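S.K.: Task: produce atomic coordinates for the following.
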Amino acid sequence: SWSRIDMIWMSADLLFNTQDTEIETSIWADHNPITVVWKGQRKRSRWTLNNTILKEENFKLKMEKELIFFFKENKKEDTSLQNLWDTMTAYTRGVIIDYTRKRNIKQKKAFSLLKEDYKRLEKELQESPQKRTLK
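M.R.: Model prediction:
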């Protein structure tokens with residue numbers, strides 16, 4: 001039955017610190033989860049490499065291409081080895097950040113499309129529960 005009312009209780013003080021609330025779709029239970037987004041400043045953390053991208057073939061090919069380009073442009077004879085190393089690490093960090101940002105945007109878009117499709121199917125099922133095949 002879809003007649004249950006899902007809710008969240010909070011004090012008035014907390015209410016002013018909320019940015020957004022949304023009733024999500026129910027996947028496993030008969031209660032819908034509620035998302036609450038809090039206002040506030042996010043603490044900037046130190047950048048670290050996400051090791052899972054090292055297994056991705058697209059990432060390996062991109063890094064190989066970028067490093068070949070970097071070392072063609074920055075000859076070892078023109079600068080000290082330490083300076084070359086520091087420059088290369090800064091350059092690769094920028095490439096990695098850009099790659100992961102684009103990958104995350106693509107993944108979020110795909111997930112959002114799946115979520116919207118799921119919401120549409122759930123709404124269709126609520127409107128006509130007898131209908132067994134939804135498209």
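S.K.: C-alpha only now, for contacts and for neighbours.
M.R.: Will do.
S.K.: Could you give the number of residues near Lys23?
M.R.: Actually, residue 23 is Ile. It isn't Lys. Other residues within reach of Ile23 by the criterion other Cα atoms under 10 Å amount to 13.
S.K.: and what of Lys55?
M.R.: If you count neighbours by other Cα under 10 Å, Lys55 ends up with 9.
S.K.: got the residue ranges for the strands in the protein?
M.R.: Read by DSSP state E, the chain holds these strands, from start to end of the chain: 18-23, 34-38.
S.K.: so which of those gets nearest Trp47?
M.R.: Go through these one by one with Cα to Cα and the one that ends up closest to Trp47 is strand 34-38, at 23.4 Å.
S.K.: What lies in contact with stretch 51-63?
M.R.: Residues lying outside stretch 51-63 but in contact with it, judged by Cα atoms under 8 Å, 6 or more residues apart in numbering, are Thr92, Val95, Tyr99.
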